[in-house]
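[1] pasting the structure only:
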């Protein structure tokens, strides 16, 4: 974080100065989940008196907090996208291999839109908001597994995975929410 902090602030300043359109995707767990990393995350949570999660790694908050503060006046919302794969977690190479060979892959997405004005303005409160969002995400994934790999109270849309379809899906989701 110390190395990246100034670079991130500079990037945000450039985006705002030039009024550049952008999408910023951040994977707050910092890595892909596996049993060893989940155990390490749970031990970290116990040591720091944080909620212990079963289905996600505890989020890294500094970059997210910097993003919310740095881009608050440049974005309308934060999208919380939960990605679940019924066949189980897979490495990036397996994922890309399946896509390249067009073998097909079932991916479940749960999207929540949080208007930026609803997020707290103080660093510690943004951190708490994010912790709570991850507790909810963990509960959502538990329900997804319990509910035969279906997110509760969700509509189901099927689409073929092509480059940029995730972006198009979120754009369509945004249109329907307004």
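    Cool, the structure landed. Every value quoted in this text rests on a predicted model; they were computed, and no experiment measured them.

[2] going forward, measure contacts and count neighbours with C-alpha atoms only.
    Noted.

[3] Tell me where the protein has helices.
    2-18, 35-47, 62-71, 92-100, 123-146, 165-177 (DSSP state H).

[4] what would those look like in TSV with distance to residue 116?
    Shown next, in TSV, are these (distance: least, C-alpha to C-alpha, whole Å):
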stretch	distance to residue 116
helix 2-18	16
helix 35-47	27
helix 62-71	8
helix 92-100	31
helix 123-146	11
helix 165-177	14
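
[5] mind checking which of the ones you listed is nearest residue 86?
    Of all these, helix 123-146 sits nearest to residue 86, with 8.4 Å by C-alpha to C-alpha.

[6] name the helices or strands packed onto the closest one?
    If you count contacts as 3 or more C-alpha pairs under 8 Å, 6 or more residues apart in numbering; DSSP states H and E, helix 123-146 packs onto helix 62-71.

[7] Next, the residues that contact the helix it packs on from outside, please.
    Contacts with helix 62-71, where a contact means C-alpha atoms under 8 Å, 6 or more residues apart in numbering, come from 1, 9, 12, 13, 16, 26, 28, 116, 121, 123, 126, 127.

[8] shaky segments in the protein?
    1, 90-92, 95-96, 99-104, 156-174, 176-178 (pLDDT under 70).

[9] quick revisit: by neighbours, which of the contacts of helix 62-71 wins?
    residue 126 (20 neighbours; other C-alpha atoms under 10 Å).

[10] how much space is there between the nearest residue to that one once chain neighbours are set aside and residue 69?
    Nearest residue to residue 126 in three dimensions, chain neighbours excluded: residue 120, at 5.4 Å (C-alpha to C-alpha, 6 or more residues apart in numbering). Distance, residue 120 to residue 69, using C-alpha to C-alpha, to the nearest Å: 9 Å.

[11] same question, residue 152
    Counting by C-alpha to C-alpha, the gap from residue 152 to residue 69 is 32 Å.

[12] returning to what we had before: which one of the helices of the chain lies closest to residue 111?
    Closest among the helices of the chain, using C-alpha to C-alpha: helix 165-177, at 7.8 Å.

[13] wait, which of the helices of the chain is closest to residue 55?
    helix 123-146 (5.4 Å).

[14] Show me which positions of that closest one end up buried.
    For helix 123-146, burial by neighbour count (16 or more other C-alpha atoms under 10 Å) applies to 123, 126, 127, 130, 131, 134, 135, 137, 138, 140, 141, 144.
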